[in-house]
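> from the sequence below, what's the structure:
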Amino acid sequence: MPRTHPKPEILSGLLELLPEVRSRLLRHVHACPSCRAALAARAPAEPGGLLFWRPSETTAGRAVDRVLTALLPRIEAATRERDEAPALLAELLRHRPERRELLARNSKRFRNLPLCGLLLQRGYRDSVDAPREGERLARVALELVESLDPSAYGGRVLADARGRCWMTIGNARRLASDLRGSEEAFRQAEADLGQGTGDLLEKAQFHAYKACLWRAQRRLNEAAGLFRRAVSVFLWAGESRRAAESIVGLALVEQYRGEPEQAILTLQRADALTDPGEDPFFYYFVRFRRIDCLAGSGRPLEAQALLARSPEMYRFPDEILQLRLRWLEARIALAQGELRRGAGLLDKVRKEFVRRGNAYDAAVASLELALVSARLGRFGSMERLAEQARRIFLGLGIARESLAASLVLRQAGNRSRRRAA
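Numbers count the residues shown, from 1 in each chain. A predicted model of the protein is given here:
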């Protein structure tokens, strides 16, 4: 939501605004005690309602009264639903996954739109470590949205909610290396958002998620364009955290394009939007990316120094972050010429990605380890690892990496034959 609070006069004319602005301000009022207090100051409380608008004597004022008479019950109902949602989430999560979907489909108790939003937040977070669990939670949210009454919420609002569900499903599938399934989910999300309110923030979030998929598919220029569009909307709306997330995504695209120096500059923009006191995990995630770019740009000593100044990263309980820190240590060691140590760390990382079923990262680590094996003269391992990577990339439909793995595999075969001769 915007960090600045809309003036009461703006709220008074809410229904005359463009749809995306109206939707954004309504969400702000629902979530912001300060703005509800400002409304209360202009509209004293009355028994039976959260707010009651003071009648006006002017013709224009009476027109505003009519608008607010229709609007305020919606704010009251949305506030009640929002307040009930956390307890409903806790209750729902106590059930087995299959039971959750049944309750979402059939129980009137859980028909609560803010509950869908909480489920999607939880699904997005869980997708990092357990993508399939994140997808299951998003599907529960989708069941809930399908059970809601369009006459109570509005068909366009529910279309936006369905779009958010499919976006979260698509993102979870991407993290599970199911790129084709992810693409299907994003097609459905786009169709639902096309029937929605036209809210610019919804579209920006769609662009940010889809850019991550295109980055994984190595459609790098297209991904960069989507990230930039998302960043401009998020900054316009005062959504600095989401803007910073998309800037980090853009930096990773630049890193994949072989532009680590540009990626470092881009990450500095994200750093300026990040508050370590407000969100320490994200702050250190941005720092992690900076260290990775320094290692990849031939500046391993700077990377090592920055990592040494960031011991807090090792104290986060997030398992994926800890695994990527091991990967980062391997890359720094290799950049400093410590081939055996780097290869040992990289092999542990690769095996853990395999154990977790994270096919894409396992393939990237395998390809990196194949190249290190070549430098160590282990051509049999080089050939085996390159073949593993090639098969995974082909299965994921990623042509660029599968071609790179094929070239490494051919090189390994040639070296093995020369040694045999």
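> from Leu158, how far off is Gly196?
Using C-beta to C-beta, to the nearest Å, Gly196 is found at 8 Å from Leu158. Any C-beta I mention is one placed from the backbone N, CA and C, and that applies to glycine too.
> and this protein, what are its domains?
1-83, 95-198, 358-421 (automatic domain parsing).
> how about the helices in the stretch 51-200 of the chain?
Using DSSP state H, counting those that start in this stretch, the helices of the stretch 51-200 of the chain run over residues 59-93, 97-106, 113-129, 131-147, 150-153, 155-175, 179-194, 200-216.
> closest one to Arg326 among the ones you listed?
Among the helices of the stretch 51-200 of the chain, helix 113-129 comes nearest to Arg326, with 15.3 Å by C-beta to C-beta.
> pull out the buried positions in that closest one.
113-120, 122-124, 126-127 (16 or more other C-beta atoms under 10 Å).
> do the same with stretch 81-101
81-82, 85, 88-89, 92, 100-101.
> need those residues in a markdown table (columns: pLDDT).
A markdown table is the format used below for these (pLDDT from 0 to 100):
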| residue | pLDDT |
| --- | --- |
| Glu81 | 78 |
| Arg82 | 83 |
| Ala85 | 86 |
| Leu88 | 88 |
| Leu89 | 89 |
| Leu92 | 88 |
| Arg100 | 89 |
| Glu101 | 84 |
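> which regions of the stretch 201-350 of the chain sit below the pLDDT cut-off?
Under the criterion of pLDDT under 70, none of the stretch 201-350 of the chain is flagged as low confidence.
> helices along that one, start to end?
220-236, 240-256, 260-272, 280-296, 300-308, 319-335, 339-356.
> and those helices, which is most packed in?
Neighbour counts (mean count of other C-beta atoms under 10 Å) averaged over each of those peak at helix 240-256, with a mean of 23.
> flag the shaky bits of the stretch 51-200 of the chain, pLDDT-wise.
51-77.
> pull out the buried residues from stretch 355-364.
Residues 356, 358-364 are the ones in stretch 355-364 that count as buried (16+ other C-beta under 10 Å).
> next, format the buried residues of helix 113-129 as JSON lines and append distance to Lys351.
Converted to JSON lines, these look like this (distance: C-beta to C-beta, whole Å):
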{"residue": "Leu113", "distance to Lys351": "43"}
{"residue": "Pro114", "distance to Lys351": "42"}
{"residue": "Leu115", "distance to Lys351": "39"}
{"residue": "Cys116", "distance to Lys351": "38"}
{"residue": "Gly117", "distance to Lys351": "37"}
{"residue": "Leu118", "distance to Lys351": "35"}
{"residue": "Leu119", "distance to Lys351": "33"}
{"residue": "Leu120", "distance to Lys351": "32"}
{"residue": "Arg122", "distance to Lys351": "29"}
{"residue": "Gly123", "distance to Lys351": "28"}
{"residue": "Tyr124", "distance to Lys351": "27"}
{"residue": "Asp126", "distance to Lys351": "23"}
{"residue": "Ser127", "distance to Lys351": "22"}
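> pick the most deeply packed of the helices of the stretch 51-200 of the chain.
Buried most deeply of the helices of the stretch 51-200 of the chain, by mean count of other C-beta under 10 Å, is helix 155-175, with a mean of 24.
> tabulate the CA atom coordinates of stretch 230-248 in PDB.
Provided in PDB are the C-alpha atoms of stretch 230-248 (Å, rounded to 0.1, in the frame of the first residue of the first chain):
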ATOM      1  CA  ALA A 230       7.000  -4.200 -12.500                       C
ATOM      2  CA  VAL A 231       9.500  -2.000 -10.800                       C
ATOM      3  CA  SER A 232       8.100   1.200 -12.200                       C
ATOM      4  CA  VAL A 233       4.500   0.300 -11.000                       C
ATOM      5  CA  PHE A 234       5.700  -0.700  -7.600                       C
ATOM      6  CA  LEU A 235       7.700   2.500  -7.100                       C
ATOM      7  CA  TRP A 236       4.700   4.600  -8.300                       C
ATOM      8  CA  ALA A 237       2.500   2.800  -5.700                       C
ATOM      9  CA  GLY A 238       5.000   3.200  -2.900                       C
ATOM     10  CA  GLU A 239       5.600  -0.600  -2.700                       C
ATOM     11  CA  SER A 240       9.300  -0.300  -2.000                       C
ATOM     12  CA  ARG A 241       9.700  -4.000  -0.800                       C
ATOM     13  CA  ARG A 242       8.100  -5.400  -3.900                       C
ATOM     14  CA  ALA A 243      10.100  -3.000  -6.100                       C
ATOM     15  CA  ALA A 244      13.300  -4.200  -4.400                       C
ATOM     16  CA  GLU A 245      12.300  -7.800  -5.100                       C
ATOM     17  CA  SER A 246      11.900  -7.100  -8.800                       C
ATOM     18  CA  ILE A 247      15.100  -5.200  -8.900                       C
ATOM     19  CA  VAL A 248      16.900  -8.200  -7.400                       C
END
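> what lies in contact with it?
By C-beta atoms under 8 Å, 6 or more residues apart in numbering, the residues outside stretch 230-248 that reach it are 1-4, 24, 200-201, 203-205, 207-208, 211, 227, 250, 266-267, 269-270, 273-274, 279, 282, 285-286, 289.
> cool, and stretch 122-138?
Under C-beta under 8 Å, 6+ apart, the answer for stretch 122-138 is 89, 93, 97, 100, 119-120, 141, 165-166, 168-169, 171-173, 175-176, 318-320.
> repeat that for stretch 380-396.
By C-beta under 8 Å, 6+ apart, stretch 380-396 touches 177, 179, 359-360, 362-364, 366-367, 369-371, 373-374, 401-402, 405-406, 408-409, 411-413, 415-416.
> just the buried ones from the residues you listed?
Judged by 16+ other C-beta under 10 Å, buried ones among the contacts of stretch 380-396: 177, 179, 359-360, 362-364, 366-367, 369-371, 373-374, 401-402, 405-406, 408-409, 411-412, 415.
> contacts for stretch 93-103?
With C-beta under 8 Å, 6+ apart as the criterion, stretch 93-103 contacts 92, 109-110, 122, 133, 136, 139-140, 143.
> and with 7 Å instead?
92, 110, 136, 139-140, 143 (C-beta atoms under 7 Å, 6 or more residues apart in numbering).
> quick check: angle from the helix or strand hosting Glu368 to helix 155-175?
Using DSSP states H and E, Glu368 falls within helix 359-375. Interaxial angle, helix 359-375 versus helix 155-175 (axes from the mean of the first three to the mean of the last three C-alpha atoms, to 10 degrees): 30 degrees.
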